[in-house]
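Peer 1: give me coordinates for this.
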Amino acid sequence: MKKIVIFLLVLLVILLVLSATIAVLQKNVPLGEKIGVVRVEGPILDSKNTVDEIEDYAKNQSVRAIVLRVDSPGGAVAPSQEIYEEVRKAAAKKKVVVSMGSVAASGGYYISAPASRILANPGTLTGSIGVIMEIPNIEGLMSKVGLKTEVIKSGRHKDMASIFRGIGPEERAILQNVLDDVHDQFTQAVADARNIPLAEVQKLSDGRVFTGRQAVDIKLVDELGSFEDAVKVAAKLAGIEGEPTVVEKKEKTSLIDFLRGELPKQLSDVFPTVKLKYVFAP
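Peer 2: You can find the predicted model right below:
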């Protein structure tokens with residue numbers, strides 16, 4: 001009985017090995033010839049999923065290169081900076097190629113900058129190197145309906161940028177100083193990542209947008225090309241011979257993802273707040 005069990009176990013192992021071998025042969029692609037695709041589509045409100053995907057592909061030895069598909073007008077500052085940093089770290093380990101879609105502007109360009117190579121379509125809208133802070137002011141509405149707020153604070157500027165009143169000269173100067181600092185971080189990050197003199201980046205960092213073709217001329221983008229072209233470039237840079245296997249993680253639709261991503265966005269649309277963003281708004 002013991003010998004039969006051992007025989008069956010050995011047979012099972014052999015069948016599993018044969019099955020895996022056949023699957024590889026059917027794909028006609030050797031192990032380690034994969035390209036991982038990470039998509040950043042829509043406003044950048046959160047970085048976790050994107051950072052996790054990039055990190056997983058960077059550690060996966062069977063993935064030789066990463067293609068980051070960016071179709072985003074930008075978004076919140078901190079998530080953009082976190083994705084930028086993860087792209088930078090991944091590019092130090094293996095080739096990361098960005099494929100720009102319809103728009104990869106502001107935060108969308110920020111996260112693209114540290115890639116090994118950037119491709120854009122001729123009509124892609126990119127650039128928009130700048131920062132914006134939106135502060136709603138409903139003081140007039142409150143006055144019309146006969147409502148007012150009573151503020152108790154422990155610091156002189158604790159209610160700075162309140163939506164219930166305007167901004168004074170001193171507060172405006174403080175907030176402008178904050179924006180200038182974040183803007184300096186943006187321009188320095190682009191200069192470092194693209195190996196462009198800071199003075200040249202500063203000339204381009206007034207919030208203007210460029211087409212993909214224009215972006216190539218000013219070195220914000222390396223070359224023109226589609227997503228398929230980006231995959232081919234990534235394969236070539238990684239030394240992959242033949243047709244690579246393109247792998248992509250399935251979209252997550254868990255309740256946690258909804259609560260972390262969609263719900264805060266909906267709430268922010270209902271309740272006005274101060275927003276500091278890398279975003280292009282056509």
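Peer 1: any stretches of the stretch 101-250 of the chain with poor pLDDT?
Peer 2: Counting by pLDDT under 70, the ranges of the stretch 101-250 of the chain that qualify are 250.
Peer 1: wait, Tyr57 touches Arg64, no?
Peer 2: No - with contact defined as Cβ atoms under 8 Å, Tyr57 does not reach Arg64; the gap is 9.7 Å. Placement of C-beta: from N, CA and C, glycine included.
Peer 1: give me the more crowded residue out of these two.
Peer 2: In terms of neighbours (other Cβ atoms under 10 Å), Tyr57 is the more surrounded of Tyr57 and Arg64; the figures are 26 against 22.
Peer 1: next up, the contacts around Phe210.
Peer 2: 125-127, 218, 220 (Cβ atoms under 8 Å, 6 or more residues apart in numbering).
Peer 1: out of these, what pair is the most spread apart?
Peer 2: Within the contacts of Phe210, Leu125 and Ile218 form the most distant pair, 14.2 Å apart (Cβ to Cβ).
Peer 1: pretty sure Tyr110 is touching Asp192, no?
Peer 2: No - counting by Cβ under 8 Å, Tyr110 does not reach Asp192; the two are 11.9 Å apart.
Peer 1: which of the two has more neighbours?
Peer 2: Set Tyr110 next to Asp192 and count neighbours by other Cβ under 10 Å: Tyr110 wins out with 29 against 14.
Peer 1: contacts only, for Glu223.
Peer 2: 117-119, 216, 233.
Peer 1: which residues of this protein fall in helices?
Peer 2: Taking DSSP state H to define them, one finds helices in the chain at 2-27, 48-59, 77-91, 107-110, 139-145, 169-194, 198-204, 212-217, 227-238, 255-257, 263-270.
Peer 1: most packed of these?
Peer 2: helix 107-110 (a mean of 31; mean count of other Cβ atoms under 10 Å).
Peer 1: quick revisit: more neighbours: Leu125 and Ile218, which one.
Peer 2: Between Leu125 and Ile218, counted using other Cβ under 10 Å, Leu125 has the larger neighbour count: 23 against 14.
Peer 1: residues near the closest residue to the more buried one other than its chain neighbours, how many?
Peer 2: Closest residue in space to Leu125, ignoring its immediate chain neighbours: Val103 at 4.5 Å, by Cβ to Cβ, 6 or more residues apart in numbering. Number of residues near Val103 (other Cβ under 10 Å) recorded here: 21.
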